[in-house]
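**Q** here is my input, please return the structure:
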Amino acid sequence: MSRIEPILVGFFFASWGIAILYLVGLVPLPESLNLSLYGLYTVAAVSGWLAGNVYVHRARHLPRELKRRAFLLYFFGPPGLLYLLRSMAPAPVQRAAPLVPLYAWAVFSIFFLVPLTFRARRPRPPRSGQRSDDGG
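**A** Below is the predicted model of the structure:
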C-alpha cells in the first residue's frame, strides 16, 4: 500500500464518524445542503466507479491479505461520504424519503462492481491451430 491509503482511511473514518454521530443525535449538522436526489446518486455513481477502478489498479499486485484490506477500504469507505451528504439535507427532505441512503449505497455498489467484473473477464488468446473470431 502507498501513502494515499492512510489518508483515505482517515477521511472515510471521519465521514462515517460524523454521519453516525449525527444519526445518534450527538452532532448537529447545519442541514443546509439541499442536494437533489439526482446529485446524490450522481456522486454515488462517480465515487463507486472511481473506487472500483482504483481498487482494481491498486490490488493488482498485492498479496491476498492486503487485497482484502484494500477491498474493505475502497468498498466500505466512500459510502460514508454519501451518508454524510444526505445527513446535511433538511430534516423534512430526509423524512420524505428515508430509503435514499440505502439506494445511494446500492448505486455505489453497482458501479463499484463493474470494474471488478470486467477485470475478471479477460479474453483468452486463440490456441494455435484454431481460427480466431475475426474470420482469420
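**Q** name the element Phe112 belongs to?
**A** Secondary structure from DSSP states H and E places Phe112 in helix 100-120.
**Q** show me what counts as buried in that helix.
**A** Within helix 100-120, the residues that count as buried by 16 or more other C-beta atoms under 10 Å are Val100, Pro101, Ala104, Trp105, Val107, Phe108, Phe111, Phe112, Pro115. (C-beta placed from N, C-alpha, C; glycine too.)
**Q** of those, which is the nearest to Leu73?
**A** Phe112 (12.0 Å; C-beta to C-beta).
**Q** and the most centrally placed residue in the chain, which of the three is it?
**A** Centroid-nearest residue in the chain: Gly48, 3.6 Å away (criterion: C-alpha atoms, centre = their mean). Following DSSP: H, G, I helix; E, B strand; the rest coil, the label given to Gly48 is helix.
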